[in-house]
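1. Sequence plus predicted model, see below.
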Amino acid sequence: MNSLNARLFALLLIATSLVWALGMAWIYSGSRKELERVLDARLEEATRMVSSLIDNADVRVTTEVSGLRLPNQQSTAHPAISDFQLACQVWSIDGRLVGKSSAAPMTQLTHVSSGYSNQEINGARWRVFAREDRERGIRVLVGDSVSHRERLVRELMWGLAGPGVVVLIVLSGLIWAAIRQGLAPLRRLTQAVSRRNADALDPIDIGDTPREISPVVDALNGLFEKVVIAREHERSVTAFAAHELRTPLAGLRTQVQVALAAQDPAVRETALKNALVSADRTTRMARQLLALAQIDAAGTQSPQEWIDAGTRIRAVCDDLRTKENPSPASIDDRLFGCRIRVNPDAFHAAVRNLTENAIQYSRGPEPVRWSLAQAAGVVLLTIEDDGPGIPADEIGMVTKRFFRGRHKSALGSGLGLSIADTALQKDGLALRLQNRAPAPGLRAEIVIDVSRVTLHQEEKRNFEQIAGAAIEPV
């Protein structure tokens with residue numbers, strides 16, 4: 001059953017019918033007991049009536065008993081049972097039939113001297129009340145047919161069942177109407193969503209919203225807001241990327257044209273070198289844009305594994321090695337043997353962009369430096385350069401995409417630190433930037449929780465002496 005209306009209606013109708021059936025059973029049981037009480041009272045009243053008639057007639061039973069015919073006794077105790085005749089008998093104490101009504105059998109209704117009893121006579125069941133008068137030597141018996149009683153109960157229940165069925169049908173219609181009305185906000189929400197096109201991302205408004213449906217509407221509006229933000233982000237990235245790629249491509253084309261037109265070998269060589277720089281910049285930016293797209297597309301729960309930090313940093317530095325810069329970075333020996341639990345791709349992207357950024361801004365003859373440090377509860381993978389650093393008012397903005405500060409590089413695009421920060425955040429790590437002091441340069445720290453780091457026993461002891469942190473050995 002896929003319809004929510006039909007499902008709710010069926011459940012409510014079943015529940016209502018069950019309650020209705022239980023109520024009818026309760027009414028049947030209560031009515032039966034009440035009728036039994038009323039009919040028993042009728043028997044007792046009829047017995048007293050017959051006794052009073054005998055008293056008024058001053059009838060005494062002697063050895064010579066004349067036949068006594070009793071009229072049919074009817075009680076006014078309950079109007080609904082007046083059509084049922086009672087069976088009356090008068091017996092002497094010694095067991096002779098003195099008189100009876102026309103509805104009474106010839107057989108004695110009961111042998112009980114007084115009180116109520118149930119008897120079966122000739123296959124018929126009777127409810128009998130007996131009253132004994134020893135002064136006059138008689139016993140008055142008044143009986144009622146049990147089958148008549150049961151028929152009376154059945155007629156009463158059928159009389160209740162007819163209106164009950166009508167009420168149940170009317171109640172079913174009211175339940176269906178109430179469900180339709182109660183689910184009207186859901187239908188309005190469905191219609192509001194189905195009528196929208198792909199570009200309609202404004203908040204949904206369906207009027208008065210019940211408390212139970214408000215979370216659904218709020219969730220949809222929140223989703224639309226996220227889609228709007230994602231679209232704006234994509235548009236801004238596309239616009240910035242188009243602008244940034246246009247400049248090196250235009251420069252590359254210009255330098256190639258100069259090289260083709262130059263007659264002087266020195267001019268041609270200079271133009272080709274400049275073209276190579278533009279090609280490198282374009283290649284780097286395209287690679288960064290692809291890395292950024294991959295990071296954005298990756299889920300928040302990226303697979304993690306244990307890797308050796310020094311080995312992975314060494315692999316990045318080998319990729320960045322050139323003829324002009326055969327040693328792009330020095331690596332602390334303690335990093336070899338420092339195992340960290342990270343996503344390898346995200347960590348590789350962060351290390352590469354941090355290393356490229358440090359090499360790009362480094363000014364001195366010394367290579368940039370990767371080292372291992374520790375603070376309270378965390379391990380720091382640190383890279384330092386001796387460049388100009390970042391102005392204090394810009395250090396909180398450099399991780400924004402395409403942001404290029406006052407110390408921008410000719411080869412930079414404003415994506416390196418943004419990629420590193422985004423990759424580390426998706427992996428549950430953090431990037432911390434600060435200027436070196438008093439020496440010039442920038443220090444970038446990858447902050448890793450100590451629970452995600454293991455060291456060799458010797459390095460573990462050294463670190464515990466410094467900060468007292470508990471680091472598991474390999």
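-> Structure received.
2. so Arg127 sits in a helix?
-> No. In this structure, Arg127 is strand, not part of a helix, as judged by DSSP: H, G, I helix; E, B strand; the rest coil.
3. so what's the closest residue to it other than its chain neighbours up against?
-> In this structure, Arg127 finds its nearest non-sequential neighbour in Asp144, 4.8 Å apart by Cβ to Cβ, 6 or more residues apart in numbering. (Each C-beta comes from the backbone N, C-alpha and C, glycine too.) Asp144 sits next to 39, 42-43, 84, 86-87, 126-128 when contact means Cβ atoms under 8 Å, 6 or more residues apart in numbering.
4. May I see the residues you listed arranged in TSV, with neighbour count as well?
-> Shown next, in TSV, are the contacts of Asp144 (neighbours: other Cβ atoms under 10 Å):
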residue	neighbour count
Leu39	22
Arg42	23
Leu43	22
Phe84	17
Leu86	26
Ala87	24
Trp126	22
Arg127	21
Val128	23
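5. so Ala373 touches Leu380, yeah?
-> Yes. Assessed by Cβ atoms under 8 Å, Ala373 is found in contact with Leu380 at 4.3 Å.
6. Quick check: neighbours shared by the two?
-> Contacts common to Ala373 and Leu380, judged by Cβ under 8 Å, 6+ apart, are Glu445.
7. just checking, what packs against the helix or strand containing Gly222?
-> Taking DSSP states H and E as the criterion, Gly222 maps to helix 214-261. In terms of contacts (3 or more Cβ pairs under 8 Å, 6 or more residues apart in numbering; DSSP states H and E), helix 214-261 is packed against helix 184-194, helix 265-297.
8. Just name the most buried of the ones you listed.
-> A comparison of the helices and strands packed on helix 214-261 by mean neighbour count, using mean count of other Cβ atoms under 10 Å, puts helix 265-297 on top with a mean of 16.
9. going on from it, what's the next piece of helix or strand?
-> Heading C-terminal from helix 265-297 (DSSP H and E), you reach strand 305-308.
10. Going by neighbour count, which residues of the helix or strand following that following strand are buried?
-> Next along the chain after strand 305-308, taking DSSP H and E as the criterion, comes helix 309-320. For helix 309-320, burial by neighbour count (16 or more other Cβ atoms under 10 Å) applies to 309-310, 312-314, 316-317.
11. got the angle for the helix holding Gly222 vs helix 184-194?
-> For helix 214-261 against helix 184-194, the angle by axes from the mean of the first three to the mean of the last three Cα atoms, to 10 degrees is 10 degrees.
12. Centre of the chain to helix 214-261, how far?
-> 37 Å (Cα atoms, centre = their mean, to the nearest Å).
13. before we move on, what about stretch 136-149?
-> 69 Å.
14. quick revisit: where's the residue nearest to Arg127 relative to Gln89, distance?
-> Look at Asp144 and Gln89: by Cβ to Cβ, to the nearest Å, they are 13 Å apart.
15. ok, now Gln257?
-> 137 Å.
16. between the helices and strands packed on helix 214-261, which gets the lowest average pLDDT?
-> Across these, helix 265-297 has the smallest mean pLDDT, namely a mean of 74.
17. all helices for the stretch 1-150 of the chain, in order.
-> If DSSP state H, counting those that start in this stretch is used as the criterion, the helices of the stretch 1-150 of the chain fall at 4-57, 146-182.
18. rewinding a little: which one's more surrounded, Gln257 and Gln89?
-> The residue with more neighbours, out of Gln257 and Gln89, is Gln89; 25 against 12, by other Cβ atoms under 10 Å.
19. which residues sit in contact with that one?
-> 97, 99-101, 104, 108-109, 140-143.
20. Which of these sits closest to Pro328?
-> Nearest to Pro328, judged by Cβ to Cβ, of these is Gly143 at 118.3 Å.
21. The closest one: neighbour count?
-> Neighbours of Gly143 under the rule other Cβ under 10 Å: 29.
22. Dig out what it forms beta bridges with.
-> Using DSSP bridges, the bridge partners assigned to Gly143 are Ala87, Val128.
23. Was I right to think it contacts Thr110?
-> Yes. Assessed by Cβ under 8 Å, Gly143 is found in contact with Thr110 at 7.5 Å.
24. any shared contact partners between these two?
-> Residues touching both Gly143 and Thr110 by Cβ under 8 Å, 6+ apart: 119, 126, 128.
25. Need these in CSV (columns: distance to Arg187).
-> Listed next are the shared contacts of Gly143 and Thr110 as CSV, based on distance: Cβ to Cβ, whole Å:
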residue, distance to Arg187
Gln119, 67
Trp126, 64
Val128, 67
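26. With pLDDT and distance to Lys426 added, can I get those residues in a markdown table?
-> Shown next, in a markdown table, are the shared contacts of Gly143 and Thr110 (pLDDT from 0 to 100; distance: Cβ to Cβ, whole Å):
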| residue | pLDDT | distance to Lys426 |
| --- | --- | --- |
| Gln119 | 86 | 92 |
| Trp126 | 88 | 91 |
| Val128 | 90 | 93 |
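27. if we take those residues, which one ends up nearest to Leu168?
-> Distances from the shared contacts of Gly143 and Thr110 to Leu168 were compared by Cβ to Cβ; the smallest belongs to Trp126, at 37.8 Å.
28. out of everything not next to it in sequence, what's closest to the closest one?
-> Leaving aside its sequence neighbours, Trp126 sits nearest to Gly143 (Cβ to Cβ, 6+ apart; 4.3 Å).
29. so who does Val378 touch?
-> 447-450.
30. can you tell me the helix or strand for the nearest residue to it once chain neighbours are set aside?
-> The shortest distance from Val378 to any residue other than its chain neighbours is 5.2 Å, reached at Val447 (Cβ to Cβ, 6+ apart). Per DSSP H and E: Val447 is located in strand 442-449.
31. For the following helix or strand past that strand, name the packing helices and strands.
-> Once the chain leaves strand 442-449, the next helix or strand it forms, by DSSP H and E, is strand 453-455. Packing partners of strand 453-455 (3+ Cβ pairs under 8 Å, 6+ apart): strand 339-342, strand 472-473.
32. again, 7 Å this time
-> In terms of contacts (3 or more Cβ pairs under 7 Å, 6 or more residues apart in numbering; DSSP states H and E), strand 453-455 is packed against strand 472-473.
33. returning to that earlier point: and the contacts of Gln89 as CSV, adding distance to Lys426 and pLDDT?
-> Supplementary listing: those in CSV, determined by distance: Cβ to Cβ, whole Å; pLDDT from 0 to 100:
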residue, distance to Lys426, pLDDT
Leu97, 107, 85
Gly99, 108, 84
Lys100, 104, 83
Ser101, 101, 83
Ala104, 100, 81
Gln108, 101, 86
Leu109, 96, 85
Val140, 101, 89
Leu141, 98, 89
Val142, 96, 90
Gly143, 94, 88
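34. still on that earlier bit, now render the helices and strands packed on helix 214-261 as TSV, adding distance to Gln360.
-> Listed next are the helices and strands packed on helix 214-261 as TSV, based on distance: least, Cβ to Cβ, whole Å:
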stretch	distance to Gln360
helix 184-194	49
helix 265-297	10
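35. For burial, what's the neighbour tally of the closest residue to Asn274 other than its chain neighbours?
-> Nearest residue to Asn274 in three dimensions, chain neighbours excluded: Gln255, at 4.4 Å (Cβ to Cβ, 6+ apart). Neighbourhood size, Gln255 [other Cβ under 10 Å]: 20.
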